[in-house]
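In: predicted model and sequence follow; I will ask about them next.
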Amino acid sequence: MSFIEINDLSHVYHRGQADEIAALSHVSLKIDDGEFVAVLGANGSGKSTLAKHLNAILLPTGGSVVVDGMDTRDMAHLWDIRQEVGMVFQNPDNQIIAAVVEDDVAFGPENLGVPSDEIRKRVDDSLALVGMSDFARFAPHLLSGGQKQRIAIAGALAMHTRCLVLDEPTAMLDPVGRAEVLNAVRELHENEKITVIYITHFMEEAAAASRVVVMERGEVVVDDEPHGVFPCVEEMKKRGLDVPLASEVAWRLRKQGVKLPDNIISDDELVAAICR
Amino acid sequence: MLTDITIGQFFPGGSFLHRMDARVKVILLFLFIVAIFIFDTPGGYAAMCAMTLGLGIASGVPLGMLARSIKPLWWILAFTFLIHLCSVPGEVIARAWIFEMTREGMVRGFFLCLRLVLLILLSSLLTFTTSPLALTDAIEALLRPLRSVGVPAHELAMMMTIALRFVPTLIEETDKIMKAQQSRGVDFESGNFIKRVMGMVPILVPLFISAFRRADELAMAMEARCYRGGEGRTQMKVLRVTHIDYTAIAATVIFFVVLTVLKVMGI
Amino acid sequence: MSIELKNVTYTYMRGTAFERTALKDITLTLKENSLTAIAGHTGSGKSTLVQHLNGLLHPTSGVVTVDGTDIAGKSKEAVDARRKVGMVFQYPEHQLFEETVEKDVAFGPKNMGLSSDEVTRRVKNALGFVNIDYDNYKDRSPFQMSGGQMRRVAIAGVLAMEPKYLVLDEPTAGLDPRGRDELIAGIMRFHREHNMTIILVSHSMDDIALMADRVVFMHDGRVLLDAPPTEAFFAKDAIKEAGLNQPRTVTLLNKLKEHGLDVDVASFKVDDTVKRIMSAIKRRKSC
């Protein structure tokens, strides 16, 4: 049994009203413990709606989501699910609750009723894992965007989360901030074996994943490893998405008769293929 | 202008004021404020001023910062002083148009302003040396006995936490929206009252929309982190009364005794 | 004709514990008809800089002139000079407030005191520039549009004031790839067809590579580099110091060159990059 099992999930907003929107239709996915999944899709393709089902912020209007054996519709497991699946949202300013960094990180475990000494330990450990120990007593509004997002990640880790769902965590950041966040997530995935579900528009971030899920109009249209997804340049462009530059260049060179493998996604792979 | 607001700003530090239990600080502040109005002799004021200055220095908060906390209220102070100057009967020292300024008025106005200044400075010392979370925890703890009569202590405290957290964010946002609308030709500085009020619409509408969006996202983030009200919640920083607090309480009692003696002696 | 900054220094919250000098002795000329990118990380001073261009901030010391007129002060000349510079802030859709698209776009021109015919003409024009159908959308609420459309309406609100210079602060932030491509294409069309002088503030070197004819790197309140793209994109140290990345085309071509492919690396667009690699491969085969 997989860590997260999404079975035939549908979600309709404002059902029965004039502005009814089917945000998700018949999505099925299985995500195993320890995976790093990137989710791509144009704005309005249902990515965020999907993410919010993973920790029962939204409940299915059809089908089911089962996290670690617990159905998200079962209210008895609500807090266990949210403890296991932590979320990081796009706007760093709107998810920090306290006016001091360490107090914010403590917010989750405090809600879970963890004893005070244990919270202190978890807060210190979580801040260390995202490299923010030196900022424990800072006011969040004085931090950069990348630092704020790392605080949000630490806030989830302090709940001893097993899985991080990040919904466009770098959309509002500059290149330095983006690299900070991506590196922190990668390290957590590699060293702490945290399962990662990462929604993004940035290809260099998606290429870090071991699996890419592409969404379009509320459906999963592609679910493959990055080498299987990005070389399909035409299809990706048609969906309003980007591909890594190397994939696009390789595809265009192939069209002009240059013999190149059809699974190139990185600069290094393209260089190796051309400069044999 | 917006950046002059210092209320709710916290200066992290390690002074004894920082290390005191927030509940004790709130209660002592309350007692001090009462004392300001009881011990109204010159000697009493001198002692209170000395004490406030001493606390200010001990807190490690830049004194300039403390002084700035009075700035937003200077016109209230000036107004209070002028009213007293011109309305208290007594020995006339100057005249202007229909107003008579008296020596007694000047003295009384001066002392009243001094009270207000002391009050602001002491309250600011509390917020400058207490993390907002500790402060809200303290208020929650002090209000807890009132829960049985229906005071939602936890909810009030949580509201305060969030309000304090979002003060800087919303100030920044307001500044940005104002600049954006100024770039579209809004003029905030001229025109009559009606025109100026109408000029606020392009600021307030986007500000409210943004505040609601933030509230919505914040609520979701809080839910995602298992927030479910005050029941069963623990705290990382448990408020604890330590020897520092006992010392502070003892010192305060001694100080009040001195003030009482001064008052009885009429100094 | 140009915008000129001479020895501009700007200090926030002067005389307080939070005093911070955001701009340090900046001297810069923004030429008419150019598309200048101002690049740097968050906090480098780039947003503070552009707020000086239409008088939202006034230098603590130094002078800003637009077409030779000092824009400080309340004289009519200064006010007119400031109006020549249109400013589109980051996430401009957050400034929308009217009930209909038409009213919102008309807000700027109305504040300028134009006649209602002129206002309508400008609203139609401005919506046309950003590819939003006037008849179809004029009576709709801007808040029921998609994120990308809202952004274009907000940009139209500034264009309708018909500025001579246009400042765009992170215009593509938060858009998806298609939205970004469309907006960039729109800006470029506008720049070419109307000879609009554009000042683009961005931290995306890929966007800058597609658009700018001149690049200014900012770091720590100073101008780190002011050069044409062919030079700026190869100034590795300055790029690193500014907290930026090389455009991805340049990174790729450089790697190919390092591995022995004889390719011209000064290319910032995908088609061009492919062409250069193609010709390098052909050259290699022929020898």
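Out: Noted; the coordinates are in hand. Numbering: from 1, shown residues only, chains lettered A, B, ... in the order given.

In: where's C:Leu56 relative to chain A, distance?
Out: C:Leu56 is 21 Å from chain A, where distance means C-beta to the nearest C-beta, to the nearest Å. (C-beta placed from N, C-alpha, C; glycine too.)

In: tally of neighbours for the closest residue to that residue other than its chain neighbours?
Out: Distances taken as C-beta to C-beta, 6 or more residues apart in numbering or on different chains place B:Lys179 nearest to C:Leu56, at 4.8 Å, with adjacent residues excluded. Neighbourhood size, B:Lys179 [other C-beta atoms under 10 Å in any protein chain shown]: 16.

In: let's see the pLDDT reported for B:Lys179.
Out: We have a pLDDT of 93 for B:Lys179.

In: that one belongs to a helix?
Out: Yes: under DSSP: H, G, I helix; E, B strand; the rest coil, B:Lys179 falls within a helix.

In: correct me if wrong: it contacts C:Gln51.
Out: Yes: the criterion here is C-beta atoms under 8 Å, and B:Lys179 meets it with C:Gln51 at 6.7 Å.

In: how many neighbours does the residue in the stretch 101-250 of chain C that chain B sits nearest to have?
Out: Scanning the stretch 101-250 of chain C for the residue nearest chain B gives C:Asn111, at 3.1 Å (criterion: C-beta to the nearest C-beta). C:Asn111 has 18 neighbouring residues, counting by other C-beta under 10 Å.

In: enumerate every residue touching it.
Out: C:Asn111 is in contact with B:Arg184, B:Gly185, B:Val186, B:Asp187, counting by C-beta atoms under 8 Å, 6 or more residues apart in numbering or on different chains.

In: could you check how far it is from chain A?
Out: Going from C:Asn111 to chain A by C-beta to the nearest C-beta gives 30 Å.

In: which pLDDT value belongs to B:Leu2?
Out: pLDDT for B:Leu2: 46.

In: all strands for the stretch 101-250 of chain C, in order.
Out: Using DSSP state E, counting those that start in this stretch, the strands of the stretch 101-250 of chain C run over C:165-169, C:197-202, C:214-219, C:222-227.

In: outside of the first one, which residues touch it?
Out: With C-beta under 8 Å, 6+ apart as the contact definition, strand C:165-169 has outside contacts at C:3, C:30, C:32, C:47, C:50, C:53-54, C:66, C:84-90, C:155, C:158-159, C:187, C:196-201.

In: quick one: that strand to strand C:197-202, angle?
Out: For strand C:165-169 against strand C:197-202, the angle by axes from the mean of the first three to the mean of the last three C-alpha atoms, to 10 degrees is 10 degrees.

In: equivalent analysis for the last one, please.
Out: On the basis of the same axes, to 10 degrees, strand C:222-227 is oriented at 120 degrees to strand C:197-202.

In: so which residues make contact with strand C:222-227?
Out: Strand C:222-227 has contacts (C-beta under 8 Å, 6+ apart) with C:24-28, C:40, C:45, C:214-218, C:232, C:235, C:238, C:241-242.

In: buried among these? Make that a ChimeraX selection.
Out: Per 16 or more other C-beta atoms under 10 Å in any protein chain shown, the buried members of these correspond to this ChimeraX selection:
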select /C:26,28,40,45,214,215,216,217,218,232,235,238,241,242
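
In: mind listing which of the contacts of strand C:222-227 are in helices?
Out: Under the assignment DSSP state H, the contacts of strand C:222-227 contribute C:Ala232, C:Ala238, C:Glu241 to helices.

In: how close does A:Leu182 get to chain B?
Out: Taken as C-beta to the nearest C-beta, the span from A:Leu182 to chain B is 21 Å.

In: and A:Ala56, which of the three is it?
Out: coil.

In: who are the contact partners of it?
Out: Counted by C-beta under 8 Å, 6+ apart, A:Ala56 has contacts A:Val65, A:Thr72, A:Arg73, A:Leu78, A:Ile81, A:Arg82.

In: buried subset of these?
Out: Neighbour counting by 16+ other C-beta under 10 Å classes A:Val65, A:Thr72, A:Leu78, A:Ile81, A:Arg82 among the contacts of A:Ala56 as buried.

In: now flag whichever of those residues is closest to B:Arg228.
Out: When the buried ones among the contacts of A:Ala56 are ranked by distance to B:Arg228 (C-beta to C-beta), A:Leu78 comes first, at 8.7 Å.

In: what kind of secondary structure is that closest one in?
Out: Under three-state DSSP, A:Leu78 comes out as helix.

In: which residue is the nearest non-sequential neighbour of it?
Out: Spatial nearest neighbour of A:Leu78, excluding adjacent residues (C-beta to C-beta, 6+ apart): A:Ala56 at 5.7 Å.

In: show me where the stretch 1-150 of chain A has helices.
Out: For the stretch 1-150 of chain A, helices defined by DSSP state H, counting those that start in this stretch occupy the ranges A:47-53, A:78-84, A:101-111, A:116-129, A:145-157.

In: the host helix or strand of B:Val117 - contacts with which helices or strands?
Out: Assigned by DSSP states H and E, B:Val117 belongs to helix B:103-129. Applying 3 or more C-beta pairs under 8 Å, 6 or more residues apart in numbering or on different chains; DSSP states H and E, one finds that helix B:103-129 makes contact with helix B:16-19, helix B:22-38, helix B:42-59, helix B:63-68, helix B:74-87.

In: would you single out the least confident of these?
Out: Lowest mean pLDDT within those: helix B:63-68, at a mean of 82.

In: if we can go back for a sec, dump the ones in helices among the contacts of strand C:222-227 into a markdown table; add distance to B:Gln235 and pLDDT as well.
Out: Formatted as a markdown table, the ones in helices among the contacts of strand C:222-227 follow (distance: C-beta to C-beta, whole Å; pLDDT from 0 to 100):
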| residue | distance to B:Gln235 | pLDDT |
| --- | --- | --- |
| C:Ala232 | 52 | 95 |
| C:Ala238 | 48 | 95 |
| C:Glu241 | 44 | 94 |
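
In: near residue 43, how many other residues are there?
Out: Here I'm looking at chain A. Neighbours around A:Asn43, by other C-beta under 10 Å: 18.

In: wrong one, I was asking about chain C
Out: 19.

In: any residues of the stretch 151-287 of chain C in contact with chain A? List them.
Out: C:173-179, C:203-205, C:243-245, C:248-249, C:251-252, C:255-256, C:259-261, C:270-271, C:273-274, C:277-278, C:281 (C-beta under 8 Å from any C-beta of the partner chain).

In: show me those residues that map onto helices.
Out: Using DSSP H, those in helices are C:177-179, C:205, C:248-249, C:251-252, C:255-256, C:270-271, C:273-274, C:277-278, C:281.

In: who touches the residue of chain C found nearest chain A in this structure?
Out: Residue nearest to chain A within chain C: C:Arg178 (3.4 Å; C-beta to the nearest C-beta). When contacts are counted by C-beta under 8 Å, 6+ apart, C:Arg178 touches A:Ala42, A:Gly240, A:Leu241.

In: make it 7 Å
Out: A:Ala42, A:Gly240 (C-beta atoms under 7 Å, 6 or more residues apart in numbering or on different chains).

In: what's the neighbour count on the nearest residue to B:Leu85 once chain neighbours are set aside?
Out: Leaving aside its chain neighbours, B:Leu85 sits nearest to B:Gly105 (4.5 Å; criterion: C-beta to C-beta, 6+ apart). If you count neighbours by other C-beta under 10 Å, B:Gly105 ends up with 23.

In: pretty sure B:Gly105 sits against B:Cys86.
Out: Yes: look at B:Gly105 against B:Cys86 with C-beta atoms under 7 Å: they come within range, at 6.4 Å.

In: can you pull the phi/psi pair for C:Ala160?
Out: phi -60, psi -20 (degrees, to the nearest 10).

In: what pLDDT does the closest residue to chain C within the stretch 151-267 of chain B get?
Out: Sorted by distance to chain C under C-beta to the nearest C-beta, the residues of the stretch 151-267 of chain B start with B:Gly185, at 3.1 Å. pLDDT, B:Gly185: 87.

In: quick check: next helix or strand after the lowest-mean-pLDDT helix or strand in chain A?
Out: When each helix and strand of chain A is scored by mean pLDDT, DSSP states H and E, helix A:203-206 comes last, with a mean of 88. Following helix A:203-206 in sequence order, the next helix or strand is strand A:211-216 (DSSP H and E).
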